[in-house]
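[1] no FASTA, just this:
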């Protein structure tokens, strides 16, 4: 495993600017919706393989408007297609950013946990000679009580 040793900070101003930028993104796309899992399952999915089919359908509809009834809104169909392709492009960028944020959070969280374990080890050792650290050691040990209970329960079942 690669040791990433991430060093970074975000000033309060940076955080506010990032939040404002995200808010602007949401404001620029007021049509965004949230679907339930059931709604998602019911919808047709337009993946990469379907993109050519939809693109061809748009071209055919534009070139042969006379064969469609007035109730079929070709312009709305074209707008839907254009928005779908634009959102697909944006989604790739957003997913890349999301993965980078997620990976960085995982790595920096791991670094913080490793450092915390080191602190816990030193506090636990020092608490043996410095009674005032006993309460602090017990506070830090709370993190492991549920884990140790689970291990004890599994051991007694074996």
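    Cool, got the structure. Note that the structure is predicted; figures quoted are calculated from it, not measured.

[2] Look at residue 94 and say how many residues are nearby.
    12 (other C-beta atoms under 10 Å). To be clear about C-beta, it is placed using only N, CA and C from the backbone, and glycine gets the same treatment.

[3] go on, residue 96?
    Residue 96 has 10 neighbouring residues, counting by other C-beta under 10 Å.

[4] now the one 10 residues further on
    As a burial measure, the neighbour count of residue 106 was computed by other C-beta under 10 Å and equals 11.

[5] same deal with residue 50?
    Neighbours of residue 50 (other C-beta under 10 Å): 13.

[6] Name the SS class of it, please.
    helix (DSSP: H, G, I helix; E, B strand; the rest coil).

[7] going forward can the numbers begin at 670, since that is how I track them
    With the count now opening at 670, the last piece we talked about shows up as residue 719.

[8] quick one: it from residue 726, how far?
    According to C-beta to C-beta, to the nearest Å, residue 719 and residue 726 sit 10 Å apart.

[9] Identify the single longest helix in the chain, thanks.
    helix 743-796 (DSSP state H).

[10] which helices and strands does that one pack with?
    Contact partners of helix 743-796 among helices and strands, from 3 or more C-beta pairs under 8 Å, 6 or more residues apart in numbering; DSSP states H and E: helix 717-732, helix 803-826.

[11] just the angle between it and helix 717-732, please?
    Inter-element angle recorded for helix 743-796 and helix 717-732: 150 degrees (by axes from the mean of the first three to the mean of the last three C-alpha atoms, to 10 degrees).

[12] pLDDT (mean, whole number) over helix 743-796?
    Helix 743-796 carries an average pLDDT of 95.

[13] picking that back up, nearest to residue 684, out of the helices and strands packed on helix 743-796?
    Residue 684 lies closest to helix 803-826 among the helices and strands packed on helix 743-796, at 27.2 Å (C-beta to C-beta).

[14] separation between the residue of the chain positioned farthest from its centre and residue 743?
    Largest separation from the mean C-alpha position in the chain: residue 735, at 45.8 Å (C-alpha atoms, centre = their mean). Distance, residue 735 to residue 743, by C-beta to C-beta: 11 Å.
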